[in-house]
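Engineer: I would like the atomic coordinates for the input below:
(one chain, ligands or ions: 1)
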Amino acid sequence: MANISFFGAAGTVTGSCHLLQIQKKRFLLDSGQFQGPWAIERLNYRPFGFSPNKIDAMILSHGHLDHCGRIPVLSRNGFKNSIYCTPPTRDIARLILMDSAHVLKEEFLWKRRRLTRAGIEPVEPLYSLEDVYYCLDLFDKTVGYNEEIRLAPKVNLRFHTTDAGHILGSSQIYLDYPAPKGPGRRLLFTGDLGDGDRPIVNDPARPERPVDVLVMESTYGDRLHKSYEDSVAELEEAIISTIKRKGTVLIPTFALERTQELLFHLGNMRRSGLLPRRVPVFLNSPLAIDMTRLYLKHLDYCNAQVIKGMDRHRSPFTFSGLYFTETPEESKAIHNIPGPKIVMAGSGMMTGGRIKHHLKHLLWKESTTLVIVGFQAEGTLGRRIIEGADTVRIFGEPVAVRARVYTINGFSAHADRKHLVNFAKETKAKRIFVVHGEPAAAASLAQALRASLPHAKVEVPALGETFKI
Ligand SMILES: [Zn+2]
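Structural biologist: You can find the predicted model right below:
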């Protein structure tokens with residue numbers, strides 16, 4: 001007997017967490033953090049829906065916070081067994097969790113100052129740095145793609161992973177389990193699936209057939225992406241026109257994947273002469289710098305064709321005139337360097353980090369260009385700017401938005417609707433669960449899948465729902 005229960009990324013895009021019960025064994029696919037408005041984030045403080053101390057193992061698809069961000073809570077509540085993942089995922093999860101613990105603590109201290117004056121007790125941080133250190137010991141089983149692992153030999157349960165092409169080390173997970181009658185069954189969990197044709201990550205591996213049960217993400221299940229080439233051309237145009245105006249290009253960075261992809265394109269522009277040597281580029285985000293070092297450590301997990309095409313002695317993410325600025329002093333010194341220049345700084349949605357200092361100094365100048373290359377959630381400073389605010393408040397002060405603002409959407413790390421439907425068709429799965437999407441995106445993808453795979457049973461599970469598989 002086998003069951004699957006959905007304890008996260010069901011009815012929402014974040015908090016990925018699926019429980020498999022196969023005979024008497026229990027396995028988790030991911031244990032991610034719920035992110036977004038408080039109505040979603042408060043789910044992090046609710047019980048998991050199962051006993052963490054009864055979980056036999058976890059398989060982690062990749063290192064994004066919405067897939068690994070509740071592991072410290074899980075381990076604090078009794079989960080003591082192994083976490084299986086690729087070597088890059090282990091390293092990325094470590095950095096992501098440590099950074100998250102710092103952010104949670106900062107937010108708590110800030111809220112406490114405000115709320116205590118109002119006589120309200122603030123909610124304790126979800127986890128501490130100590131919780132993170134304890135859970136890191138559980139990452140003791142690293143596995144490469146296509147390596148078969150026997151999870152529970154007595155019940156004939158095996159898994160292997162293939163490249164999901166989403167971020168460095170991201171995996172699709174195949175689980176082979178026994179059926180009460182006849183041959184065994186196979187479940188494929190897509191994790192987050194990439195869009196393909198990217199310079200840094202490989203294309204997502206095509207599905208291996210047969211697949212009986214498909215658990216599929218639906219982040220962009222209701223839309224099609226702009227072409228990647230058009231997005232790169234738009235980035236180049238934004239930079240070249242700003243150099244002519246002797247202005248500053250500000251790029252709020254997402255530390256993982258987007259930063260490395262941008263560095264790769266900026267390096268190409270420098271080598272081709274589009275980005276003159278006199279224009280310095282600053283990467284002003286300690287987390288993004290650490291992540292870039294991880295990409296260099298795990299180049300064997302990157303897109304072999306692109307990396308092979310480069311000079312053996314040249315890193316795909318560095319070039320002349322690129323400066324990694326880590327300390328606050330270095331960060332401040334950037335303002336004294338006259339334009340033109342390019343500054344990449346976190347955070348990606350401009351809710352915190354050093355980008356806010358740069359925005360305060362430069363957003364009101366007409367010579368500045370703000371290049372937005374990632375999703376901006378509701379309620380963030382980034383969202384207010386792309387919605388056309390004339391003035392925004394930064395550190396309590398009004399700042400006029402006079403910079404040119406480019407919103408470039410084609411750099412997404414998720415497959416769009418067309419890719420997702422084609423992928424599902426190739427699996428020939430008889431049962432499909434659509435997860436990891438806002439309700440509209442998940443419903444829209446489910447509808448498209450029903451039309452394309454008329455013999456498949458397609459469901460959009462609700463949070464906490466269990467199904468026999
Ligand atoms: Zn992801």
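Engineer: give me the phi and psi for residue 185.
Structural biologist: phi -120, psi 160 (degrees, to the nearest 10).
Engineer: contacting residues for it?
Structural biologist: 2, 176, 177, 178, 179, 212, 213, 469 (Cβ atoms under 8 Å, 6 or more residues apart in numbering). Bear in mind the C-beta positions are built from the backbone N, C-alpha and C, glycine included.
Engineer: who touches the closest residue to the third one other than its chain neighbours in this structure?
Structural biologist: Nearest non-adjacent residue to residue 177, counting by Cβ to Cβ, 6 or more residues apart in numbering: residue 22, 4.9 Å away. Remark: with contacts taken as Cβ under 8 Å, 6+ apart, residue 22 is in contact with 1, 2, 152, 155, 157, 177, 178.
Engineer: and with 6 Å instead?
Structural biologist: 2, 157, 177 (Cβ atoms under 6 Å, 6 or more residues apart in numbering).
Engineer: follow-up on the earlier one: from the contacts of residue 185, which shows the smallest pLDDT?
Structural biologist: Of all the contacts of residue 185, residue 179 carries the smallest pLDDT score, 86.
Engineer: now the residue nearest to residue 177: how far from the ion?
Structural biologist: Noted for residue 22: a distance of 26 Å to the ion, by Cβ to the ion, to the nearest Å.
Engineer: and that residue, what are its bridge partners?
Structural biologist: Beta-bridge partners for residue 22, by DSSP bridges, are residue 2, residue 25.
Engineer: need the pLDDT of it.
Structural biologist: At residue 22, the pLDDT recorded in the model is 92.
Engineer: also the one 4 residues further on?
Structural biologist: The predicted local distance difference test score for residue 26 is 95.
Engineer: quick one: it and residue 55 touch, right?
Structural biologist: Yes. Taking Cβ atoms under 6 Å as the definition, residue 26 is a contact partner of residue 55 at 5.2 Å.
Engineer: for the residue lying closest to residue 99 once chain neighbours are set aside, pull up the helix or strand it's in.
Structural biologist: Of all residues not flanking residue 99 in the chain, residue 287 sits nearest, at 5.2 Å (Cβ to Cβ, 6+ apart). According to DSSP states H and E, residue 287 maps onto helix 286-297.
Engineer: how many residues are close by the residue lying closest to residue 217 once chain neighbours are set aside?
Structural biologist: Of all residues not flanking residue 217 in the chain, residue 436 sits nearest, at 3.9 Å (Cβ to Cβ, 6+ apart). Other residues lying near residue 436 total 30 when counted by other Cβ atoms under 10 Å.
Engineer: and residue 436, what are its phi and psi?
Structural biologist: Backbone geometry at residue 436, expressed as degrees, to the nearest 10, gives phi 50, psi 50.
Engineer: so which residues on the chain come close to the ion?
Structural biologist: 64, 192 (Cβ under 5 Å from the ion).
Engineer: rerun that using 8 Å as the cut-off
Structural biologist: Residues of the chain found near the ion (Cβ under 8 Å from the ion) are 61, 62, 64, 66, 67, 166, 167, 170, 191, 192, 413, 414.
Engineer: quick one: contacts for residue 344?
Structural biologist: Taking Cβ under 6 Å, 6+ apart, one finds 251, 253, 283 in contact with residue 344.
Engineer: tell me where this structure has helices.
Structural biologist: 38-41, 65-68, 71-76, 87-117, 129-136, 228-244, 258-272, 286-297, 304-308, 328-333, 355-362, 381-386, 417-427, 439-452 (DSSP state H).
Engineer: which of the ones you listed is buried the deepest?
Structural biologist: Highest mean neighbour count of the helices of the chain: helix 65-68, a mean of 26 (counted as mean count of other Cβ atoms under 10 Å).
Engineer: so how far is that one from its chain's centroid?
Structural biologist: The chain centroid and the centroid of helix 65-68 are separated by 8 Å, computed with Cα atoms, centre = their mean, to the nearest Å.
Engineer: that one - what's its average pLDDT?
Structural biologist: 95.
Engineer: residues in contact with the residue in the stretch 151-300 of the chain positioned nearest to the ion?
Structural biologist: Going by Cβ to the ion, the ion is nearest to residue 192 of the stretch 151-300 of the chain, at 3.7 Å. Contact analysis of residue 192 by Cβ under 6 Å, 6+ apart lists 166, 217.
Engineer: gap between it and residue 385?
Structural biologist: According to Cβ to Cβ, to the nearest Å, residue 192 stands 26 Å off from residue 385.
Engineer: same deal with residue 113?
Structural biologist: In terms of Cβ to Cβ, residue 113 sits 27 Å off from residue 385.
Engineer: same check, this time on residue 207
Structural biologist: Using Cβ to Cβ, one obtains 40 Å as the distance from residue 207 to residue 385.
Engineer: what's the answer for residue 466, then?
Structural biologist: As judged by Cβ to Cβ, residue 466 and residue 385 stand 43 Å apart.
Engineer: find the nearest non-adjacent residue to residue 3, please.
Structural biologist: Per Cβ to Cβ, 6+ apart, closest to residue 3 is residue 21, 4.5 Å.
Engineer: distance of that neighbour relative to residue 440?
Structural biologist: In terms of Cβ to Cβ, residue 21 sits 30 Å off from residue 440.
Engineer: what's the answer for residue 299, then?
Structural biologist: From residue 299 across to residue 440, the span is 38 Å (Cβ to Cβ).
Engineer: likewise for residue 258?
Structural biologist: Look at residue 258 and residue 440: by Cβ to Cβ, they are 24 Å apart.
Engineer: coming back round to it: these two touch, right, the residue nearest to residue 99 and residue 253?
Structural biologist: No. The pair residue 287 / residue 253 is not scored as a contact, 9.1 Å apart, by Cβ under 6 Å.
Engineer: ok, now which ones touch the nearest residue to residue 224 once chain neighbours are set aside?
Structural biologist: Leaving aside its chain neighbours, residue 224 sits nearest to residue 416 (4.9 Å; criterion: Cβ to Cβ, 6+ apart). The contact partners of residue 416, by Cβ under 6 Å, 6+ apart, come to 220, 224, 225.
Engineer: the helices of the chain: lowest mean pLDDT?
Structural biologist: Lowest mean pLDDT of those: helix 304-308, a mean of 71.
Engineer: tell me the domain ranges of the protein?
Structural biologist: Per the record, the chain has its domains at 2-101+134-223+413-468, 229-407, by automatic domain parsing.
Engineer: what about the shortest one, start to end distance?
Structural biologist: Domain 229-407 has an end-to-end distance of 15 Å (Cα to Cα, to the nearest Å).
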